[in-house]
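Peer 1: Fold the following.
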Amino acid sequence: MGIYLRLLRSGRFAGLCFGQAVSLLGDAFFPIIVVVAAARSGTAAEIVGAAFAARFIALGGVVLFSGALLDRVNPVTAAVTADATRFLALIALALMWDGELDAILLTVAVLIGLCEAVSEPALLLIAPRTLPPRAGAGPRPEGGPALPSGPTAADDEAATTAMYGLLEGMRNISGIVGPTLAATLVAVLDSSAGAVAAAAAFGLSAVATRWAGARFAGRPPAAKEHPSADPGDGTPPDPADQGEEPRESLARSALAGLAVLWRVPWLRQMQILAVVHVLLAVGPWMVALPVFLIEEGRSASVYGFVLGAFAIGTVVGALVGGRITGRRRGLYALALLGLFGVTALSPVFTGSVLLLAAAFVAGGIGQQAFDVVKMAGLRREVPERLHGRAFSADFFFSFASLPLGQLLGAAMLRFLAPGTIMLWAGLLVLVTTAAATLGADARRFSSRKTRPEPESAPVAAPATPRAPRTEGARDADADAR
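Peer 2: Residues are numbered from 1 along each chain as shown. The predicted structure is shown next:
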């Protein structure tokens, strides 16, 4: 835990964490506001469906383009603008919305989705720049030699991975507290008061993010960045990585984010694995789980309890993932991801609520630890000028597959029993995750092999200069011959 305490002693990083925590509280208010107001108006289904769909379409439709935008502008400015936009939108919702399905609600839902598409990848770009130099380095040994002026590669990796772990852990805590706090406040007061509280949260987030990112410097010239010039698979370097990127359309720029993930072998494997899991396992499992529990005679409280256990696991998993570094980081991360397969199978094999809770905690730990290690690896492997697009593309692969997987799950329920779907999901996760460990790059989460430092060639000792021979010595040698 020492490295996490050192990170929190960095005022800028702590300020960014605070800003993101209150921003997630604001995110939690919007669906609660919509549900409560819609229930009171008597048109709950139409209002909730339209608002959630508008938010989802806006988020999923532009997240790739937002990454391209973030690689062109200061991400701090983009994140603050997103928070300020949500602040104004929710103030308008509090003052002007009457609980009916109208243009105001749909406009606010779309704006919130667009702002989420910007703020999520922006956070991952800003966070590393808030850390002081040597944030992850250990203390100077007592009486030992002076540490180098800059962080070593191991120190930098440890600090970056721990930073993402701590950030995700704090965000997950807000994700647990937010819905309960929002529901309590809206129930005690009303929807308008909830909208004002959410607006205040986004206002605080904007101020904290602006202060935390005050020292955000411009990116180094692209010509100096070659972390992924050689993907390690024999593929020639992409010319776009060798110099200044020409100005191009946002659409083509967004596609570069997809391309860079595809060119790095282990990142390509992880994106394929994510799509397979979310589309064919996680999505159907999420649909089958509540149906299975109800058919087994479980109450809705059991469903809520195990989901809460999973959420607690994600908090722990973020901190666990933040400490995974070294050459076997990918192997450890994939092994932890396999725990979700155990989670998916657990309702079929046990009726104990305590065992279910333990399995769901384990699944949350594994899933979040894997995500943290993957995020750190993506930042390490991809050129910095492509970070916005790469993070956005990574988010898109998982995000876009989920609703399709849930639709597939709904269709599967017409032909298969919920228990069968859950068996399928668990076994698919276990088998595909184990198969992913067969790749050497995937086990390292790195496409560049670690090579030992070349041994120095032996240096011949300088020849000792010979003293000039006298004429008498030369004559003596001639007589001897």
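
Peer 1: can you list the domains in this protein?
Peer 2: 1-135+155-216, 250-447 (automatic domain parsing).

Peer 1: Tabulate those domains (CSV), appending mean pLDDT and mean neighbour count.
Peer 2: C-beta coordinates here come from the backbone N, C-alpha and C atoms, glycine included. Below are those laid out as CSV (pLDDT from 0 to 100; neighbours: other Cβ atoms under 10 Å):
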stretch, mean pLDDT, mean neighbour count
domain 1-135+155-216, 84, 20
domain 250-447, 90, 20
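
Peer 1: biggest helix in the chain by residues?
Peer 2: helix 153-188 (DSSP state H).

Peer 1: List the contacts of the nearest residue to Arg72 once chain neighbours are set aside.
Peer 2: Nearest non-adjacent residue to Arg72, counting by Cβ to Cβ, 6 or more residues apart in numbering: Ser253, 7.8 Å away. The contact partners of Ser253, by Cβ atoms under 8 Å, 6 or more residues apart in numbering, come to 68, 71-72, 389.

Peer 1: And for Gln20?
Peer 2: Counting by Cβ under 8 Å, 6+ apart, Gln20 has contacts 123, 167, 170-171, 174, 205, 209.

Peer 1: same thing with Met170?
Peer 2: Counting by Cβ under 8 Å, 6+ apart, Met170 has contacts 17, 20-21.

Peer 1: With Ala410 instead?
Peer 2: Val287.

Peer 1: From Pro418, how far out is it?
Peer 2: 12 Å (Cβ to Cβ, to the nearest Å).

Peer 1: Quick one: residues contacting the residue nearest the centre of the chain.
Peer 2: Closest to where the C-alpha atoms of the chain average out (Cα atoms, centre = their mean) is Met375, at 4.8 Å. Applying Cβ under 8 Å, 6+ apart, we find Met375 in contact with 124, 164, 168, 391, 394.

Peer 1: hang on, the earlier thing: helices - which of the contacts of Met170 land there?
Peer 2: 17, 20-21.

Peer 1: The stretch 51-200 of the chain: helices as residue ranges?
Peer 2: 75-96, 103-126, 153-188, 191-212 (DSSP state H, counting those that start in this stretch).

Peer 1: Val302: which of these is closest?
Peer 2: Proximity to Val302, assessed across the helices of the stretch 51-200 of the chain by Cβ to Cβ, is greatest for helix 153-188 (17.9 Å).

Peer 1: tilt between that closest one and helix 191-212?
Peer 2: 160 degrees (axes from the mean of the first three to the mean of the last three Cα atoms, to 10 degrees).

Peer 1: quick one: helix 153-188 to helix 103-126, angle?
Peer 2: Going by the same axes, to 10 degrees, helix 153-188 makes 160 degrees with helix 103-126.

Peer 1: roughly how far out does helix 153-188 sit from the chain middle?
Peer 2: The chain centre lies 12 Å from the centre of helix 153-188; the measure is Cα atoms, centre = their mean, to the nearest Å.

Peer 1: try stretch 56-71
Peer 2: 15 Å.

Peer 1: Need the CA coordinates for that stretch. PDB is fine.
Peer 2: Output of stretch 56-71 as PDB, limited to C-alpha atoms (Å, rounded to 0.1, in the frame of the first residue of the first chain):
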ATOM      1  CA  PHE A  56     -26.300   5.300 -25.100                       C
ATOM      2  CA  ILE A  57     -26.400   6.200 -28.800                       C
ATOM      3  CA  ALA A  58     -24.600   9.500 -28.100                       C
ATOM      4  CA  LEU A  59     -21.900   7.800 -26.100                       C
ATOM      5  CA  GLY A  60     -21.300   4.800 -28.400                       C
ATOM      6  CA  GLY A  61     -21.600   6.800 -31.600                       C
ATOM      7  CA  VAL A  62     -18.900   9.400 -30.900                       C
ATOM      8  CA  VAL A  63     -16.400   7.700 -28.500                       C
ATOM      9  CA  LEU A  64     -14.000   6.800 -31.400                       C
ATOM     10  CA  PHE A  65     -14.100  10.400 -32.600                       C
ATOM     11  CA  SER A  66     -13.600  11.800 -29.200                       C
ATOM     12  CA  GLY A  67     -10.300  10.000 -28.900                       C
ATOM     13  CA  ALA A  68      -9.200  11.600 -32.200                       C
ATOM     14  CA  LEU A  69     -10.200  15.000 -30.900                       C
ATOM     15  CA  LEU A  70      -8.300  14.400 -27.600                       C
ATOM     16  CA  ASP A  71      -5.100  13.700 -29.600                       C
END
